[in-house]
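1. Here is a sequence together with a model predicted from it:
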Amino acid sequence: MNLTLKIWRQKNASDKGKMVDYKVDDISPDMSFLEMLDVLNEQLINKDDAPIAFDHDCREGICGMCSLYINGEAHGPDRGVTTCQLHMRMFNDGDTIYIEPFRASAFPVVKDLIVDRSSFDRIQHAGGFISVNTSGNTIDANAIPIEKHDADTAFEAATCIGCGACVASCKNSSAMLFVGAKVSQFALLPQGKVEATDRVLNMVKQMDEEGFGNCTNTGACEVECPKGISLENIARMNREYLKASLKG
Amino acid sequence: MALDSKIPEGPIADKWTNYKNHIDLVNPANKRNIDVIVVGTGLAGGSAAATLAELGYNVKAFCFQDSPRRAHSIAAQGGINAAKNYQGDGDSTYRLFYDTVKGGDYRSREANVYRLAEVSANIIDQCVAQGVPFAREYGGLLDNRSFGGVLVSRTFYAAGQTGQQLLLGAYSAMNRQIGRGKIKMYNRHEMLDVVKVDGKARGIITRNLITGEIERHSAHAVVLGTGGYGNVFFLSTNAMGSNVTAGWKAHKRGAYFANPCYTQIHPTCIPVSGDHQSKLTLMSESLRNDGRIWVPKHMKDVEAIKAGTLKPKDLAEADRDYYLERRYPAFGNLVPRDVASRAAKERCDAGYGVNATGEAVFLDFASAIQRYGKEQAHVKGLDENNADLVKKLGQDVVKNKYGNLFQMYEKIVDQDPYETPMMIYPAVHYTMGGVWVDYNLMTTVPGLYCIGEANFSDHGANRLGASALMQGLADGYFVLPYTIGDYLSDDIRTGPIATDSKEFEDAEKEVRERLEFFVNNNGSHSVDHFHKKLGKIMWNKVGMSRNIKGLTEAISEIKALREEFWKEVKVPGTNEEYNEELAKAGRVADFLELGELFAKDALNREESCGGHFREDSVELDGEQKGEAKRDDENFAYVSAWEYKGEPSDAVLHKEELEFKDIELKQRSYK
Amino acid sequence: MSGILNSSIGRKVAMALSAFFLMIFLLQHFAINILSVFSPDTFNEVSHFMGTFWVIQYVLQPVLIFGVVFHFVMGFILELKNTKSRQVSYAKNNGGANSSWMSRNMIWSGLAILAFIGLHFYDFWFPEINTKFIVGDMSGLIDPNTADSGFRYFEELQHKFHSHVRTIIYVIAFIFLALHLLHGFNSAFQSVGANNKYTKGLQGFGKVYAILIPLGFIFIAVFHHLKHVLS
């Protein structure tokens, strides 16, 4: 199929940037969206133009590196997939496709479609861990039984890939689904309860300092999340935060 | 230089304990004065960086991705082995050790493997303490599954995302140290050289991938946890950015490169759909527990299926060739990865491949759906003869077990695997070879360590399922932090390493010259053009089955391609900006050298072992006719190659492997 | 505890708590107003009680005003901060694909309600305050000098709905109120951390509340208007 692409081009962080039109022909419906961009880049290189910079790595939907706001949605129109798993059969011959970077003040654009998501890392530095050293002398893994339901719910929260689609989709650029998932994972496990108070206070503080917006419960994050992380995690974080605030 | 593997004396079960009791330690006050560089933040690098920082060293960690959490360990699906014996099914350290050595086709180092099995149980304790949400049973205890043709259930897992959960565990341990200031994290930095001062590794040269800035970083020791080199095949299940550059630069600075030809080709991957394909997707080996692999018996049916006039599910049982069940009645569809992959290639080479490219076989769940459906109908007291009901119940069971894989398959291939058999084909997945290390995980360059998939040590010629995660974390959490202390104890009075020495200056200059060459070359073809060509040579001539003619051709073709690359490669843009093409050019340049050494190593090893299959080394008669033939008399050694300029000049050093605790046997799956 | 109102979660909880208060108030307001349809006398008596009982006038009324002002001010503050969190907007954004119109436009439905409250105060509250505290007439009678002239509340209510325009404005305002509540009701529960096995049921109840209450107010307005037009 033949497509018209409207792609955000921005030389570097300080450049103003603009949308630029491109045409690609003979796109196979079996291609992934990123393979379609590979084709465009090969064209651009052969014409001595600068290829489009975009983040990608594992190309199997787990590393969380790929981003892209495609036709007004994070990771494009399909559900439960990252951009690298989005296939061209979701589009029709002759379509015009808008491709933009994830937008948020806390995700500044580095170049073209690449954004800097290190704000996510800094939130994790503030408390996304359990303080246990690698001594090899921790207690036996089976010493603390954990209810299967809690273990499974913690796992579901932990499947977040940190891609930032929640922030990109949120009209407020809120990071609460991302932070809520991590807070939930540890809040549901006995190992995590020891530091629960400090964890949630510190992580939320860092989240606010990074300039993410406030959650207004639109639920867009949950719909666009490639891993289906539930809004329940935000509610749980709210509870944890209230508990911690009253306590501390 | 003669190879010294530095294996401690004593009985195998006591080696590691004795070793730890007698090494030199660095006292906590002195650790504050010692810097360690860790390159790579996957399971091995991430866990090492966190542990070294906990111990008190000043760690500088580097990754080329935008966050340490994105290292490709994250994509591991199945699980992690540990000799916990929670199931009471007779597992033990010895048994895990034995299975790993045997699975590796007796080409790994006994002492290292035993140590790996020994610390495996600690890994699970550590990860649970960190909050890794492993799968649990209803009683609240950890669940296990069985994996890859061993006789016990020792694999711990977190659905199909075990690698992700373990990596996030290591990442969280790193985060704690980054928050404390003990790890200085450098994201989007690529290591482009190792710097040696007075014969010891004392630092690295990196390029900031955002700004293009070339930086010098010094330390008292350098650790590489930079993963495997499967991308030398262009198409593999590795991440797009996975590369050999760190290991290859170390090789050029004096680190021997061991067994480059040992590559694992995983049988259950989604087939290539066309030339546009950028990477391959793996589906967990666990699918073979219930799926039956087949191709049509008759060529007319193959053609009808390809033409779309015959639906695979309509082909009569009698006209199907379940070739694994036919050839290996004892193990059937559950033969090890290397055997299953070669059998698929054999059928496809004979023309029985079932898709347009002729490189696919069927993985069929219809009989599993029937079997489970009947079982469920029986359990629920429903009509076992109601075909629709049985199918529905069976599909539910299959969905519970493999739902996420089926969904992934459907998204990529656009076919419903509940209704029509899946198509699969083998793909490059893991490289057992890597930088040679001794028992301390130190390379032949003093102070330069190599851990995880990047080294060669534990998996011999073939890796068992769920052992990669085990090795990465064992190296990073429990082995390297001890062994590196023994080395660093000599450095407590050294003080900070200066970066203005001539060695750093020279290394930086070399790096700069190479980058400038690329951006000024103005050739006629993109980097990918050469990478794809290299991949084709590797896959066709150094792939699943190798022969002297193909390997010899590959060596000269790769050499010629390399020369063409240096003349004709085209890299747009400049060095002083984010420039992915430039980063790729450097990586492909190294692959073009490694590829030749890879083929040379395969040519040298005139035996079939594990993932390395030589057509001229097969059993000629008897029950095993046509199967791989190992040659223990002449090839029970590790090939460690020393860099001498061109790959063709590389010098072979042999580390003879001694098997004192395990008897060498032929692997038989008949 | 200090600084909780400076945190994103603290603020959203505060929004939710003020919302709960306003939703309860709304229910009570509706319960009294609907009396005007069935029994003008009861309506008058209850109105007089509400208008003169000191707990209501001097304790609950200020709290209510504070609640309303707080909800609006905080809503604006959050909106401003949220707008700042994305300085470059998308060239193409398909919000409808992942969220409801109501959830994305709370600020607009809120502003419409604010404008309505202005009108509502002009219609009822300012005259009421004027009569009671400026003029000093606490009798609640149509003619304070005639003891049997009857309570004025029902009269005033009816009178306001004589106008077509005013009735239409009230109806439109209540539609905005419904839109605001359709997201706001359940959003408030989510904000205070209530997301559990009861959530599904509560969502259904929230929808019923968000539609029935404004519909009831519309009914009252239209009822009085039609009564006047047809009589």
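-> Received the coordinates, thanks.
2. Check what pLDDT the residue lying closest to residue A:76 once chain neighbours are set aside gets.
-> Leaving aside its sequence neighbours, residue A:76 sits nearest to residue A:70 (CB to CB, 6 or more residues apart in numbering or on different chains; 3.7 Å). C-betas here are computed from N, CA, C, even on glycine. According to the predicted model, the pLDDT of residue A:70 comes to 98.
3. And for the one 3 residues further on?
-> The per-residue pLDDT reported for residue A:73 equals 98.
4. and if you look at residue B:1?
-> For residue B:1, pLDDT reads 64.
5. Same question for residue C:3.
-> Each residue has a pLDDT score; the one for residue C:3 is 72.
6. list the contacts for the residue lying closest to it once chain neighbours are set aside?
-> Spatial nearest neighbour of residue C:3, excluding adjacent residues (CB to CB, 6+ apart): residue C:10 at 7.8 Å. Neighbouring residues of residue C:10 by CB atoms under 8 Å, 6 or more residues apart in numbering or on different chains: A:241, A:245, C:3-4.
7. among those residues, which two are most distant?
-> A:241 and C:3 (12.3 Å; CB to CB).
8. Could you check which of these two is surrounded by more residues?
-> Applying other CB atoms under 10 Å in any protein chain shown to residue A:241 and residue C:3 shows that residue A:241 carries more neighbours, namely 26 against 9.
9. Correct me if wrong: the more buried one contacts residue A:204.
-> Yes: using CB atoms under 8 Å, residue A:241 is in contact with residue A:204, at 5.8 Å.
10. Please enumerate the shared neighbours of the two.
-> Common neighbours of residue A:241 and residue A:204, using CB under 8 Å, 6+ apart, are C:7, C:9.
11. ok, now how distant is residue B:456 from residue B:195?
-> 23 Å (CB to CB, to the nearest Å).
12. ignore the last one, residue B:437
-> From residue B:437 to residue B:195 the distance is 19 Å (CB to CB).
13. Look at the two and report which has more neighbours.
-> residue B:437 (30 against 25).
14. For the more buried one, give me its contacts.
-> By CB under 8 Å, 6+ apart, the contact list for residue B:437 reads B:443, B:449-451, B:455-457.
15. would you turn those residues into CSV with secondary structure and pLDDT?
-> Listed next are the contacts of residue B:437 as CSV, based on DSSP: H, G, I helix; E, B strand; the rest coil; pLDDT from 0 to 100:
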residue, secondary structure, pLDDT
B:443, coil, 98
B:449, strand, 98
B:450, strand, 98
B:451, coil, 98
B:455, strand, 97
B:456, coil, 96
B:457, coil, 89
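16. which among those gets closest to residue B:101?
-> The closest of the contacts of residue B:437, once distances to residue B:101 are taken by CB to CB, is residue B:457, at 12.0 Å.
17. what's the nearest residue to the closest one if we skip its chain neighbours?
-> Per CB to CB, 6+ apart, closest to residue B:457 is residue B:112, 4.7 Å.
18. wouldn't the one you found be in contact with residue B:458 here?
-> Yes: here residue B:112 reaches residue B:458: they are 5.4 Å apart, a contact under CB under 8 Å.
19. Do I have it right that residue A:61 meets residue A:87?
-> No: with contact defined as CB under 8 Å, residue A:61 does not reach residue A:87; the gap is 11.9 Å.
20. Please name the nearest non-neighbouring residue to the residue nearest in space to the middle of chain C.
-> Nearest residue to the geometric centre of chain C (CA atoms, centre = their mean): residue C:26, 5.4 Å. Take residue C:26 and drop its neighbours on the chain: the residue closest to it by CB to CB, 6+ apart is residue C:213, 6.0 Å away.
21. Look at residue A:22 and report its pLDDT.
-> Reported pLDDT for residue A:22: 98.
22. now, which of the contacts of residue C:10 sits nearest chain B?
-> For the contacts of residue C:10, the residue nearest chain B by CB to the nearest CB is residue A:241; the value is 18.9 Å.
23. Now do the buried residues in whichever strand or helix holds the closest one.
-> Residue A:241 belongs to helix A:232-247 when assigned by DSSP states H and E. By neighbour count on 16 or more other CB atoms under 10 Å in any protein chain shown, the buried set for helix A:232-247 is A:232-242, A:244-245.
24. How about the nearest residue to residue B:501 once chain neighbours are set aside: which residues does it bridge to?
-> Nearest residue to residue B:501, sequence neighbours excluded (CB to CB, 6+ apart): residue B:197, at 6.1 Å. Applying DSSP bridges to residue B:197 gives these bridge partners: residue B:200.
25. Helix, strand or coil: sort out the single nearest residue of chain A relative to chain B for me.
-> Nearest residue of chain A to chain B, counting by CB to the nearest CB: residue A:145, 2.9 Å away. Per DSSP: H, G, I helix; E, B strand; the rest coil, the local secondary structure of residue A:145 is coil.
26. In contact with it, which residues?
-> The contact partners of residue A:145, by CB under 8 Å, 6+ apart, come to B:136, B:139-141.
27. Just the buried ones out of these, please.
-> B:136, B:141.
28. Closest one of the contacts of residue A:145 to chain A?
-> Chain A lies nearest to residue B:140 out of these, by CB to the nearest CB, at 2.9 Å.
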